[in-house]
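Trainee: Generate coordinates for the sequence data below:
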Amino acid sequence: MTNLTIITLGSLKEKYLVDAVSEYKKRLSSYAKVDEINLKEEKIQDEDNEREIKNAIDIEGDKILSKIPDGAWVVALCVEGKQVDSIKLAQKIGEAVDSTGKICMIIGSSHGLSDKVKNRADFRWSVSELTFPHQLMRVMLYEILYRSFSIRAGKKYHK
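Mentor: Numbering: from 1, shown residues only. You can find the predicted model right below:
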């Protein structure tokens, strides 16, 4: 069975989002052992201070890097990443499953990911050119992963 690690910054607050993630985790459990690691976002006093933001992102990056499982195929969700359709993503996930059996998906804070994390990633992925709240993105990621594994298993869910 595939080991799937999801590393995120911050926590889900709204019950409806927690429930949605729980539902997709349950569905994913047919295909993968899911381990979710929620890290605390660094506090930023001045949201207009670029240096303070960069420092926070770098600290978060070190925390993220320390949690990536050894040998995992690492995906960084970031705006400058490549966009792929559902079939192509399922193929990429399938290649990772076949080669390592371990996948690690990373969602950074609202300020993004450090260059250290992006450079460690095997694949930089942009889900969309649109901007989504980070809490909603977590739900979307779980749904997208369930869809990818369903495609790989030949199920009709993705249609």
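Trainee: Let me know how buried the closest residue in space to K92 that isn't next to it in sequence is, in neighbour terms.
Mentor: In this structure, K92 finds its nearest non-sequential neighbour in F123, 6.5 Å apart by C-beta to C-beta, 6 or more residues apart in numbering. C-betas here are computed from N, CA, C, even on glycine. Number of residues near F123 (other C-beta atoms under 10 Å) recorded here: 18.
Trainee: isn't F123 right next to C78, touching?
Mentor: No - contact criterion C-beta atoms under 8 Å: F123 and C78 do not qualify, at 10.3 Å.
Trainee: okay, H158: pLDDT?
Mentor: The model reports H158 with a pLDDT of 57.
Trainee: can you pull the buried residues of the longest strand along the chain?
Mentor: Taking DSSP state E as the criterion, the chain has its longest strand at strand 73-82. Neighbour counts over strand 73-82 (16 or more other C-beta atoms under 10 Å) mark 73-78, 81 as buried.
Trainee: Now name the helix or strand holding the residue nearest to W73 when sequence neighbours are not counted.
Mentor: In space, and not counting its chain neighbours, W73 is closest to A96: 3.6 Å by C-beta to C-beta, 6+ apart. According to DSSP states H and E, A96 maps onto helix 86-99.
Trainee: what about that helix, average pLDDT?
Mentor: Helix 86-99 comes out at a mean pLDDT of 96.
Trainee: Which two among the buried residues of strand 73-82 are spaced furthest apart?
Mentor: W73 and C78 (15.9 Å; C-beta to C-beta).
Trainee: hang on, the earlier thing: could I get the buried residues of strand 73-82 in a markdown table, plus columns for pLDDT and distance to Y146?
Mentor: Shown next, in a markdown table, are the buried residues of strand 73-82 (pLDDT from 0 to 100; distance: C-beta to C-beta, whole Å):
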| residue | pLDDT | distance to Y146 |
| --- | --- | --- |
| W73 | 98 | 18 |
| V74 | 98 | 20 |
| V75 | 98 | 15 |
| A76 | 98 | 20 |
| L77 | 97 | 16 |
| C78 | 95 | 22 |
| G81 | 96 | 20 |
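Trainee: which one of those residues is nearest E52?
Mentor: Nearest to E52 among the buried residues of strand 73-82, with distances taken as C-beta to C-beta, is C78, at 20.3 Å.
Trainee: show me what contacts that closest one?
Mentor: Counting by C-beta atoms under 8 Å, 6 or more residues apart in numbering, C78 touches 108, 112-113, 118, 124-126.
Trainee: do K40 as well
Mentor: Residues near K40 by C-beta under 8 Å, 6+ apart: 9-10.
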